[in-house]
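> Using only what follows, build the 3D model:
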Amino acid sequence: MMNLSTVKPTLQNQITGTKRGYDLKTLAEQYSVSVAFIRKEIREERLQAARLGSRVIVLNEDWETYLISKKGEMK
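Model (predicted):
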């Protein structure tokens, strides 16, 4: 897992208030998958995540990269 303290929010994200990432529960709810499934994908290094204190966060760009890789597997 990468360290979120090294990731700087962009000016655009600061202006628009756009979130750069989501915790596992929120991500699971949004995409109708289980938290356990997301944790498994992280553990098996198919999905990048960052630890922020006791929370695990998946950055938007890492989630998009993951989804694109899954789309490629479906062909």
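> what's the residue most central in space within the chain in contact with, if anything?
When the chain is reduced to its mean C-alpha position, the nearest residue by CA atoms, centre = their mean turns out to be residue 58, at 2.0 Å. Counting by CB atoms under 8 Å, 6 or more residues apart in numbering, residue 58 touches 21-22, 24, 27, 38, 42, 47-50. To be clear about C-beta, it is placed using only N, CA and C from the backbone, and glycine gets the same treatment.
> Kindly indicate whether residue 47 is helix, strand or coil.
coil (DSSP: H, G, I helix; E, B strand; the rest coil).
> pretty sure it is touching residue 61, no?
No - if you go by CB atoms under 8 Å, residue 47 and residue 61 don't touch, sitting 11.7 Å apart.
> what about these two, which has more around it?
residue 47 (21 against 12; other CB atoms under 10 Å).
> Quick check: closest non-adjacent residue to the more buried one.
residue 41 (4.1 Å; CB to CB, 6 or more residues apart in numbering).
> Just grab the bridge partners of the residue nearest to the centre of the chain for me.
residue 22 (DSSP bridges).
> State the distance from it to residue 37.
12 Å (CB to CB, to the nearest Å).
> re the thing from before, tell me which helix or strand the residue nearest to residue 47 sits in.
Under the criterion of DSSP states H and E, residue 41 resides in helix 35-43.
> Remind me what that helix packs against, helices and strands.
helix 24-31, strand 55-59 (3 or more CB pairs under 8 Å, 6 or more residues apart in numbering; DSSP states H and E).
> any idea of the mean pLDDT in that helix?
Helix 35-43 shows a mean pLDDT of 97.
> On the C-terminal side of it, identify the next helix or strand.
Trace forward from helix 35-43 with DSSP H and E and the next one is strand 50-52.
> Do I have it right that residue 37 meets residue 28?
Yes - under the criterion of CB under 8 Å, residue 37 makes contact with residue 28 at 7.5 Å.
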